[in-house]
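**Student:** 3D model of this:
(2 chains)
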Amino acid sequence: MSEVITKLVVDCESGTQTVVPLTPEELAEREAMAAQAEADRQAREAEEQAKADAKASAQAKLTALGLTEAEIAALLK
Amino acid sequence: MSMTFIQHTELTSTQASITFSSIPNTFTDLYLVLSFRSTEGFTGSNAQMSFNGSSSGYSTRLLYGTGSGAASATGGSTIINWSPTTSGGGSTANTFGNASIYIPNYTSSNAKSVSIDAVAENNATASRQDINAGLWNNSAAISSISFTWEQSTNFAIGSSATLYGITRGSTPGVTVS
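**Tutor:** The predicted structure follows:
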């Protein structure tokens, strides 16, 4: 038996709290949101990795040009 | 001014979303106090909020610290979300992320602003803390507020949310009832 996914609705007028199963439309929206969130997460991670790689590459090139670590750090501030 | 308790809930079972509906329009501002934890295994889940079931007209800008640095980010237009608050297997057991949210002039026909102050409780170096400025560009009064997770996970048992109404006053002092 599959798990029934529910939501809680708190009615501020009556004070009642009701647990309601998600509709098929809400379940589909939830799955789409999860897929989008995962895609966004992967894109963020790829962007952060690309930035880190570019920084490391730039530092290596500056070192090859003869700059000291202190000089490179000053440039990157 | 006075601060009036409207409703509180604390989950006794996991839920996909929490909604405050039929919010009275008799107050000046709304104030929310949240303690959330998701059921997923990451150390950070993005809690998110929408008004009146709407999925458009939002914008956010947030500043956050990670424990090792600080940064800023811009949110999307379909919902308001804030820092990875705390979550399941990746966070210290039984810890919850906290947030306080202030919504001034929630019945105004102008765009509604939202201020969020949130922290992810986690016994580790990396634990995010944010402040977040949001806007909902819609003329309708806010009558319902829903909370979900960006990753479509569930709210863990023990997650809680409390809604207060703030009424402006003409004399100094604060009354809490």
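**Student:** hmm, stretch B:25-35 in reach of chain A?
**Tutor:** No - remark: stretch B:25-35 sits outside contact range of chain A, by CB under 8 Å from any CB of the partner chain, the gap being at least 10.3 Å. To be clear about C-beta, it is placed using only N, CA and C from the backbone, and glycine gets the same treatment.
**Student:** what's the spacing between that stretch and its chain's center?
**Tutor:** On the basis of CA atoms, centre = their mean, to the nearest Å, stretch B:25-35 is displaced by 11 Å from the centre of the chain it belongs to.
**Student:** what's that stretch in contact with?
**Tutor:** Contacts of stretch B:25-35 from elsewhere in the structure, counted by CB atoms under 8 Å, 6 or more residues apart in numbering or on different chains, are B:1, B:3-4, B:23, B:47, B:96-107, B:141-143, B:145, B:147, B:158-168.
**Student:** could you give the mean pLDDT of the top helix by length along chain A?
**Tutor:** Ranked by residue count and defined by DSSP state H, the top helix of chain A is helix A:24-64. Helix A:24-64 carries an average pLDDT of 87.
**Student:** helix or strand right after it?
**Tutor:** Per DSSP states H and E, the first helix or strand lying C-terminal to helix A:24-64 is helix A:69-76.
**Student:** one step back: so which other helices or strands are in contact with the longest helix of chain A?
**Tutor:** helix A:69-76 (3 or more CB pairs under 8 Å, 6 or more residues apart in numbering or on different chains; DSSP states H and E).
**Student:** Quick check, B:Asp130 in contact with B:Leu62.
**Tutor:** Yes - look at B:Asp130 against B:Leu62 with CB atoms under 8 Å: they come within range, at 5.0 Å.
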